[in-house]
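A.B. asks: what's the 3D shape of this:
(one chain, ligands or ions: 2)
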Amino acid sequence: MRAVVVARYGGALELMERPLPRPAPNEVLLRVRASGLCSTDLHLLQGRMPLGGLPRIVGHEIAGEIVQVGAATRDWKIGDRAVVAIDVVCGKCRHCLTGETQRCTAMLRIGFERDGGHAEYVAVPASNLVVIPRELADDAAAILPDAVACMYHSLICQGKVGVGQKVLILGVGGLGIHGVQIARIAGADVLATSRRAERLKIAEQFGALPVNPATQSLKEIVAEFTRGEGVDVVVDNIGTRASVREGLALLRPGGKFLVIAYLDESFEIPSLPLFKTEQEIIGCRGSTKQDLTQVVQLVQSGRLQPIVGARYPLAEIGAAVARLERGDLIGRIVLTCS
Ligand SMILES: [Zn+2]
Ligand SMILES: [Zn+2]
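C.D. replies: Ligands and ions are numbered 1, 2, ... in the order given. The predicted model follows:
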């Protein structure tokens, strides 16, 4: 089968012929219909996280149709459509037992430590599957596990965003545009930043107050938006030293700063202001199967809209990566695989 792989760190994502995966008894074989392209795939290419043996098929936002069912798999049958939770977890460690599977100490992630979905087929555990509602298209379903469920996990589970809160979303890209929607569903008032007019326009359509920090004073707008108190929650989709410094300065005492991106390797936090304000800096890692189930329901109910920006066939991976790097689109890029 054809697949997009990391063959060596620092190279390019390459289209390659790979053997058809064989599902284990507790797994299914999916014909991949759509696979979301994430900037994490480019981080993986650079070797920022070890992938185990190479070549590794990447792609962790997968929607497909079951074509083979492992011998020990019940509840699923050939022809079922499903979207795939990313983390294959142990189910036994203290984090799994408390439902915080995103912290599982023994997880193997699909598209990271095990082969992913930028391929014609992928074998995944049946326990990672969530059914795709009939009315939801494959490409829209594919982006739910990361671009959407990750924002749900960050805002709702980690940030505890609720009614009447003031939320600042730094960066309206593939994640941020879904973050705006989820914060609004939770009942929050939302400020969203971008330097691109078209992104601000769509953020506004989804109910955020748009801010272009290149031409407007974010500090003044936040002061007005919060009557000088500072926002309750900052969602940092940028992950630079500057975004952390700026975000913390706009956060109210006791507010939560959510770390979602990690473009810079580290950041500095002035200790005395942190001591005085009791601000919380919270890591937000991926999403759980439960988060994915919740966002599927929100999409099915019509309240949440997954935004697919562009579609490329698997064979045009080079053009898709170039488009992702240019960043001149709104929403997620999806590879159509079969
Ligand atoms: Zn991702
Ligand atoms: Zn575990």
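A.B. asks: host element of the residue nearest to Gly116 when sequence neighbours are not counted?
C.D. replies: Computed as Cβ to Cβ, 6 or more residues apart in numbering, the closest residue to Gly116 that is not its neighbour in sequence is Gly59, at 3.8 Å. In this view, the C-beta of every residue, glycine as well, is placed from N, C-alpha and C. Gly59 is located outside every helix and strand, with elements delineated by DSSP states H and E.
A.B. asks: can you pull the contacts of Gly59?
C.D. replies: When contacts are counted by Cβ atoms under 8 Å, 6 or more residues apart in numbering, Gly59 touches 4, 32, 35-37, 41, 111, 116-119, 122, 335.
A.B. asks: tell me the one of those residues nearest ligand 2?
C.D. replies: Nearest to ligand 2 out of the contacts of Gly59 is Gly111 (Cβ to the ion; 18.5 Å).
A.B. asks: on that earlier part again, and the pLDDT at the residue nearest to Gly116?
C.D. replies: pLDDT recorded at Gly59 is 98.
A.B. asks: look up phi and psi at it.
C.D. replies: With angles defined as degrees, to the nearest 10, Gly59 sits at phi 110, psi 110.
A.B. asks: and the stretch 1-150 of the chain, which of its residues are near ligand 1?
C.D. replies: Proximity of the stretch 1-150 of the chain to ligand 1, by Cβ under 5 Å from the ion, involves residues 38, 40, 146.
A.B. asks: flag the shaky bits of this protein, pLDDT-wise.
C.D. replies: Within the chain, no stretch falls below the threshold (pLDDT under 70).
A.B. asks: which residues in it form helices?
C.D. replies: 39-45, 94-97, 138-142, 149-152, 176-185, 197-205, 218-225, 241-249, 271-277, 289-300, 317-326 (DSSP state H).
A.B. asks: same list (these) but as TSV, adding distance to Asn128 and mean neighbour count.
C.D. replies: Below are the helices of the chain laid out as TSV (distance: least, Cβ to Cβ, whole Å; neighbours: other Cβ atoms under 10 Å):
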stretch	distance to Asn128	mean neighbour count
helix 39-45	18	19
helix 94-97	13	14
helix 138-142	14	25
helix 149-152	12	28
helix 176-185	21	26
helix 197-205	31	16
helix 218-225	39	16
helix 241-249	32	18
helix 271-277	38	11
helix 289-300	7	20
helix 317-326	24	16
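A.B. asks: can you lay out those helices as TSV showing distance to Asp87?
C.D. replies: Conversion of the helices of the chain to TSV gives the following (distance: least, Cβ to Cβ, whole Å):
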stretch	distance to Asp87
helix 39-45	14
helix 94-97	10
helix 138-142	17
helix 149-152	11
helix 176-185	19
helix 197-205	29
helix 218-225	34
helix 241-249	26
helix 271-277	31
helix 289-300	8
helix 317-326	23
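A.B. asks: excluding chain neighbours, what is closest to the residue of the chain at minimum distance from ligand 1?
C.D. replies: The chain approaches ligand 1 most closely through Cys38 (3.1 Å), counting by Cβ to the ion. Counting by Cβ to Cβ, 6+ apart, Asp146 is the residue found nearest to Cys38 once chain neighbours are left out, at 5.8 Å.
A.B. asks: Ala85 and Leu144 touch, don't they?
C.D. replies: No - the pair Ala85 / Leu144 is not scored as a contact, 9.7 Å apart, by Cβ atoms under 8 Å.
A.B. asks: measure Met151 to Asp291 for me?
C.D. replies: 9 Å (Cβ to Cβ, to the nearest Å).
A.B. asks: before we move on, what about Gly36?
C.D. replies: Taken as Cβ to Cβ, the span from Gly36 to Asp291 is 16 Å.
A.B. asks: now do Ile78
C.D. replies: Where Asp291 is concerned, Ile78 sits at a distance of 28 Å (Cβ to Cβ).
A.B. asks: now Gly91
C.D. replies: 17 Å.
A.B. asks: show me the domain layout of the protein.
C.D. replies: Domains of the chain are assigned by automatic domain parsing as 2-143+306-336, 148-283.
A.B. asks: of all those, which one comes closest to Gln300?
C.D. replies: domain 2-143+306-336 (4.5 Å; Cβ to Cβ).
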